[in-house]
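A.B. asks: with the input below, show me the fold.
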Amino acid sequence: MDCKIVFFDVDGTLINYEDGSIVNGTKTALQILKSKGIRLVAATGRPLSMCQELIALGIDTFITANGAYVKHQNHVIHKIPLAQDIVQTVKEYADANNESLTFFTEQLSMNGVHNPATLKAMNETLSLFDYPTFNEDILNQEVYLMCLYVDEQMEKKYKIQFPNLKFERWHPNIVNVLQEDVSKSIAVKAVLNYFQLDSHEAIAFGDGDNDIDMLEQVGYGIAMANGSKALKSSADFVTKKSNEGGIDYALRKLCLI
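C.D. replies: Okay, here's the model as predicted:
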């Protein structure tokens with residue numbers, strides 16, 4: 001396979017879905033790819049500040065905030081910021097209704113509304129054990145994504161209140177709040193254009209429904225065995241679980257390492 005770039009989802013893919021660790025086989029596999037001149041890209045719902053462990057592994061291109069902010073080393077490749085008045089009005093509404101709202105810049109912060117369901121969802125999706133900090137200056141910063149922590153019933157009132165915004169649910173208790181379309185596939189296109197590569201020269205690994213469009217955007221899509229049923233049915237190959245060396249296994253099957 002003529003592979004020149006590999007896109008990796010993070011939580012549940014690069015990172016063990018059980019304990020948040022990265023298995024040694026995955027670390028070694030990344031180093032071998034890098035030594036061959038193959039570009040490594042992390043594609044995650046995390047903000048950039050939560051990718052330090054991946055930077056230490058040699059990854060230098062990051063699709064963050066589910067595709068809303070993309071950076072290669074110190075150069076911003078792609079970003080879709082929310083208008084400041086939208087951030088303000090959604091924040092005011094969430095505050096008034098005592099509902100948790102997080103803000104993605106390069107950092108992660110929140111509106112300061114804490115409840116157990118929010119922290120549980122943060123732990124399940126971002127491996128967080130404590131709430132992000134409250135950022136009193138958030139209305140003066142460029143925000144690329146907001147995540148609202150509500151169930152489907154509460155989501156309906158936001159759709160009525162903000163009919164011009166997009167609400168995309170990706171967890172039973174988390175909804176992305178968007179002004180424009182944001183996705184990993186759009187970000188993948190931006191990365192491929194930046195490096196002047198074609199989609200057939202790329203492969204991607206993922207585990208969730210929000211990775212389906214990314215796997216469809218590249219030449220070869222690989223689903224983790226711990227991934228969702230929908231993702232596995234759309235992938236070209238299903239590898240082992242993230243805690244069983246699934247990345248190393250697939251790369252060896254493809255003769256890339």
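A.B. asks: could you pull out the helices for the protein?
C.D. replies: Counting by DSSP state H, the chain has helices at residues 24-35, 52-56, 84-96, 116-126, 152-161, 184-194, 212-217, 229-234, 246-253.
A.B. asks: closest one to Asn74 among those?
C.D. replies: Judged by Cβ to Cβ, the one of the helices of the chain that comes nearest to Asn74 is helix 52-56, at 12.1 Å. C-beta: built from backbone N, CA, C; applies to glycine.
A.B. asks: buried ones in the closest one?
C.D. replies: Going by neighbour count (16 or more other Cβ atoms under 10 Å), the buried part of helix 52-56 is Leu54.
A.B. asks: contacts for stretch 249-257, please.
C.D. replies: Stretch 249-257 has contacts (Cβ atoms under 8 Å, 6 or more residues apart in numbering) with 1, 3, 29, 32-33, 36, 38, 203, 205, 220, 222, 237, 239-240, 248.
A.B. asks: so which of the helices of the chain comes closest to Arg46?
C.D. replies: Closest among those, once you apply Cβ to Cβ, is helix 116-126, at 6.1 Å.
A.B. asks: can you name the residues in contact with that closest one?
C.D. replies: Contacts for helix 116-126 (Cβ under 8 Å, 6+ apart): 11, 45-46, 50, 100, 108, 128-132, 149, 171-174.
A.B. asks: Tyr131 against Met110, yeah?
C.D. replies: Yes: between Tyr131 and Met110 there is a contact under Cβ atoms under 8 Å: 6.3 Å.
A.B. asks: looking at the two, which is more packed in?
C.D. replies: Between Tyr131 and Met110, counting by other Cβ atoms under 10 Å, Met110 is the more crowded of the two (23 against 18).
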